[in-house]
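Chemist: need a 3D model of the following:
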Amino acid sequence: MTPEQYAANIARALDVQDQSVRLQAAMAAGTHPHPDLLETLVRRCGVEPDFFVRETLAWALTRLPADDVLPRVQRELASKNIQARTQALHVLSKVGDERAWPWITSEFLHDADDDLARTAWRAAAALAPQSQHGSLADELVKEFGRGDAGTQMALSVALLGLGDAAVPAVRSAIRSQDAAVTEHARATDLLRTRPELAFDGAVEEAKRIVAMG
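Modeler: Below you'll find the predicted structure:
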């Protein structure tokens, strides 16, 4: 089988209705990576409805040379398709190449879509050079108090991933006049000093502390 035939077979399998067939095709693409699969994998990330298939597609892309993957995925960041942008950020976080750091702009970090913003937070925390951790934390804390518990936990995890560089920004946010911001910031700080706490427990304790003044 030629590389062209192999890539064509994978593309056909990724387009069928059966989720299990698409998953097997994505696994095959990662197990036997080939540059001819790059375009197919990137395009499929933007339309694939199943979470597990999308995760496998992202893994398959990490199996290809970063020099090929990065410029192609960068183009997806400008797509009008929100899933394509979100998955591009996810792939960049998985590739883990700091060359992509400048592409994680504040527009992504503060996007109105919670799923895209969460993905951008993870990507930024994974890609930011050590020298940029403090300035990234300053941006991320602007999102304290946003969204549901899952969104808030994702933000806290991203900040905790920045280590000590995030402490000044988090502690500054604790002094906010907005109770939701204060509670989220304090919960994040609690998780830093008491990692045995679950996020929900840290939130409840933070609420008690804030209520007590």
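
Chemist: going by C-alpha atoms from here, please, whenever you check contacts or count neighbours.
Modeler: Will do.

Chemist: isn't residue 104 right next to residue 123, touching?
Modeler: Yes. With contacts counted by Cα atoms under 8 Å, residue 104 reaches residue 123, the gap being 7.5 Å.

Chemist: distance of residue 67 from residue 61?
Modeler: To residue 61, residue 67 is 12 Å away according to Cα to Cα, to the nearest Å.

Chemist: the more surrounded of those two?
Modeler: Neighbour count, other Cα atoms under 10 Å: between residue 67 and residue 61, residue 61 has more, with 31 against 9.

Chemist: what about residue 103, how many neighbours?
Modeler: Residue neighbour count, defined by other Cα under 10 Å, stands at 15 for residue 103.

Chemist: give the contact list for it.
Modeler: Contacts for residue 103 were tallied using Cα atoms under 8 Å, 6 or more residues apart in numbering; they are residue 74.

Chemist: relative to residue 76, how far out is it?
Modeler: In terms of Cα to Cα, residue 103 sits 11 Å off from residue 76.

Chemist: residues contacting the one residue sitting closest to the centre of the chain?
Modeler: Nearest to the geometric centre of the chain sits residue 119, at 2.6 Å (Cα atoms, centre = their mean). Counting by Cα under 8 Å, 6+ apart, residue 119 touches 86, 89, 90.

Chemist: swap the cut-off to 10 Å and go again
Modeler: 85-93, 108-109, 154-155, 158 (Cα atoms under 10 Å, 6 or more residues apart in numbering).

Chemist: what is the nearest of those to residue 209?
Modeler: residue 155 (20.5 Å; Cα to Cα).
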